[in-house]
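Trainee: 3D model of this:
(2 chains)
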Amino acid sequence: MWRDASLIAGRDLRVEARSRVTLNQVAPFALLVLILFAFALDPDGPILERATPGLYWVTVLFSALLAIARSAALDETDGVRDALRLSALDPAGVFVGKAAAVAAELAALEVLLGVGVIILYGADPASLGLLLATCLAATVAVASTGTLYGALVSGLRVRETLLPLLLLPVLAPVLIAATRAFESALGGDPARGWPWCGLLATFAVLYSVAGALAYGTLLEGS
Amino acid sequence: MEPVVHLRDAVALLGRFPALAGINLDVARGEVVLLRGPNGAGKTTVLRVCAGLVPVVRGEATVLGHDLRHDVRPVRRRVGLLGHATGLFDDLTVADNVTFWGRAYRATPADIDAALDLVGLSGRLRDVGVARLSAGQRRRTSLACLLARRPELWLLDEPHAGLDHDARDLLDGLVRQAADQGATVLLSSHELERAEALADRVVTLDGGMAGRVEPGVVPTEAAKAPATTLTGVPDVA
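Mentor: Predicted coordinates for the structure are as follows:
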């Protein structure tokens, strides 16, 4: 399974490196959202400071939708899905590889957005351990859930619009937990954030296991 | 000897529509069989059934000794399907694509290099992005992916489409060579003159049913038996 996951992740990242969709489109989109939030909420006022964790994770989720849709679309083109079914690849490995590639792209985006909120919103990244653990757990959770739902809607003509409708409600617990953990980390009270981080980790493990088990069935059914 | 493909009263559905309505077909090892018929006759569906991509809901269906109704994964790993879709990634180069699919099929690096060489893509085209290729070059790249996996059963859906004269000759040579080495080939083509010259046997399909063995081609031992018979459309509602 790990060999297949490595093969798939390598392919998806190589496609990304050649097409530069994340670099040229998703990253500017994410920064634009951050800037628009700053315009909408007075950057000198207390509202923006209080809302920083939530705005950060909303922006991550919006950007993740683009990355996930792009990842799902890769296997929709020109008979790729049939070729995958005919291959000797383990479906669980395909799932893990695709989720890992999405997670790598999201991690890069989160770093960029992190720099953005420090510069634009004046956020103080105290409690770095909690921030990093939260980012890791939330990234795995979003990538695995997104990859699973991307496969679920594949083959449907309305998949581009259906994916956000299905995915965002499912990811609401991730948004809430990651925001609370970030609030604690930025507010200088990390002890209150670790339980939220634990919730994120549980969510990540559940969806990773569910995705690895269900991906073969979804690949056949789409 | 057990046939490589054995379909007996096989019914396959696309949605609720019976795309194959009780087909009978036997193909022996090393045989090259041409499926022909009008558009919508079920040629592509027969090939996809044999690849294990379209499920058989009724009748007998055995490919490479495995029952397609219960044991489809071992079949998929041993067949190669060259269909209308290429299965290629436009953002990757020819070599990237063939290497990816070759590794997905557990091919060795030597097999991958040999496949690129056989279809004439080992030169400067090797590092060209697939998006920049002509339709014929994309087809060659797909063929290289198929060659890299060394399938026991070749399933070729309109393999001559989009290829120039030289590439068609190349393809025919590769098919004949594979058959001589023991691979079995099932192909559909509207290039009838060329395909009939390549085939050991011709089977005509109409309305999802196999019609008759055509005269004028050299029948193999398997073809001398009544391998293809007309059957009625079963009730699949």
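Trainee: Report the secondary structure state of the residue nearest the centre of chain B.
Mentor: The geometric centre of chain B, computed from its C-alpha atoms, lies nearest to residue B:155 (Cα atoms, centre = their mean), at 0.9 Å. When the structure is reduced to helix, strand and coil (DSSP: H, G, I helix; E, B strand; the rest coil), residue B:155 reads as strand.
Trainee: How about the contacts made by it?
Mentor: The contact partners of residue B:155, taken as Cβ atoms under 8 Å, 6 or more residues apart in numbering or on different chains, are B:47-48, B:50-51, B:79-83, B:186-187. In short, each C-beta sits where N, CA and C put it, glycine included.
Trainee: for residue B:4, same thing?
Mentor: Listed by Cβ under 8 Å, 6+ apart, the contact partners of residue B:4 are B:27-29, B:31, B:63-64, B:152-153, B:184.
Trainee: Please flag which of the contacts of residue B:155 sit within helices.
Mentor: Secondary structure assignment by DSSP state H places B:47-48, B:50 of the contacts of residue B:155 in helices.
Trainee: pretty sure residue A:203 contacts residue A:176?
Mentor: No: contact between residue A:203 and residue A:176 fails when scored by Cβ atoms under 8 Å: they sit 10.6 Å apart.
Trainee: what about those two, which has more around it?
Mentor: When neighbours are counted by other Cβ atoms under 10 Å in any protein chain shown, residue A:203 comes out ahead of the other of residue A:203 and residue A:176, with 23 against 15.
Trainee: elements contacting the helix or strand encompassing that one?
Mentor: Residue A:203 is part of helix A:194-221 when elements are defined by DSSP states H and E. Secondary structure elements in contact with helix A:194-221, counted by 3 or more Cβ pairs under 8 Å, 6 or more residues apart in numbering or on different chains; DSSP states H and E, are helix A:80-86, helix A:91-121, helix A:128-153, helix A:172-186.
Trainee: who touches the helix or strand just after the third one?
Mentor: Translated: helix A:128-153. Counting by DSSP H and E, the element after helix A:128-153 in chain order, helix or strand, is helix A:159-170. By Cβ under 8 Å, 6+ apart, the list of residues contacting helix A:159-170 from outside reads A:61, A:65, A:68-69, A:72, A:76, A:145-146, A:149-150, A:152-153, A:156.
Trainee: one step back: which of the contacts of residue B:4 tops the neighbour count?
Mentor: residue B:63 (29 neighbours).
Trainee: can you tell me which residues contact that one?
Mentor: Contact analysis of residue B:63 by Cβ under 8 Å, 6+ apart lists B:4-6, B:50, B:52, B:75, B:79, B:153.
Trainee: for the helices and strands packed on helix A:194-221, which one sits closest to chain B?
Mentor: Of all the helices and strands packed on helix A:194-221, the one in closest proximity to chain B, counting by Cβ to the nearest Cβ, is helix A:80-86 (3.7 Å).
Trainee: Go ahead and measure how far that closest one is from the middle of the chain.
Mentor: Between the mean C-alpha point of helix A:80-86 and the mean C-alpha point of its chain there is a distance of 25 Å (Cα atoms, centre = their mean, to the nearest Å).
Trainee: What helices and strands are in contact with that helix?
Mentor: Secondary structure elements in contact with helix A:80-86, counted by 3+ Cβ pairs under 8 Å, 6+ apart, are helix A:194-221, strand B:79-82, helix B:94-104.
Trainee: Out of those, the one nearest residue B:194 is which?
Mentor: Nearest to residue B:194 among the helices and strands packed on helix A:80-86 is strand B:79-82 (15.5 Å), distances taken as Cβ to Cβ.
Trainee: what's in contact with the closest one?
Mentor: Contact partners of strand B:79-82, identified using Cβ under 8 Å, 6+ apart, comprise A:82, A:86, B:47-48, B:50-53, B:63-64, B:142-143, B:146, B:149, B:151-157, B:159.
Trainee: And stretch B:95-115, by the same measure?
Mentor: Here stretch B:95-115 makes contact (Cβ under 8 Å, 6+ apart) with A:4, A:7, A:11, A:14, A:83-84, A:87-89, B:77, B:87-89, B:92, B:116, B:121-122, B:126-127, B:130, B:141, B:144-145, B:147-150.
Trainee: do that again at 6 Å, thanks
Mentor: Counting by Cβ atoms under 6 Å, 6 or more residues apart in numbering or on different chains, stretch B:95-115 makes contact with A:7, A:11, A:87-89, B:88-89, B:116, B:126, B:130, B:141, B:144-145, B:147-149, all of which sit outside it.
Trainee: Quick one: end-to-end distance for that stretch.
Mentor: When the termini of stretch B:95-115 are compared using Cα to Cα, to the nearest Å, they are 10 Å apart.
Trainee: how far away is whichever residue of chain A sits closest to chain B from residue B:101?
Mentor: Proximity of chain A to chain B (Cβ to the nearest Cβ) peaks at residue A:79, 2.6 Å away. Between residue A:79 and residue B:101 the distance, using Cβ to Cβ, to the nearest Å, works out to 11 Å.
Trainee: Which of these two has more residues huddled nearby?
Mentor: residue B:101 (28 against 18).
Trainee: what does chain B have sitting close to chain A?
Mentor: Applying Cβ under 6 Å from any Cβ of the partner chain, one finds that chain B approaches chain A through B:53, B:76-77, B:85-87, B:89, B:91, B:100, B:103-106.
Trainee: Could you chop chain B up by domain?
Mentor: According to automatic domain parsing, chain B is divided into the following domains: B:1-78+B:155-237, B:89-150.
Trainee: can you pull the buried residues of the longest helix that chain B contains?
Mentor: Residue-count comparison of every helix in chain B, with assignments taken from DSSP H, identifies helix B:165-180 as the longest. By neighbour count, and taking 16 or more other Cβ atoms under 10 Å in any protein chain shown as the criterion, the buried residues in helix B:165-180 are B:167-168, B:170-172, B:174-175, B:178-179.
Trainee: which other helices and strands contact that helix?
Mentor: Contact partners of helix B:165-180 among helices and strands, from 3 or more Cβ pairs under 6 Å, 6 or more residues apart in numbering or on different chains; DSSP states H and E: none.
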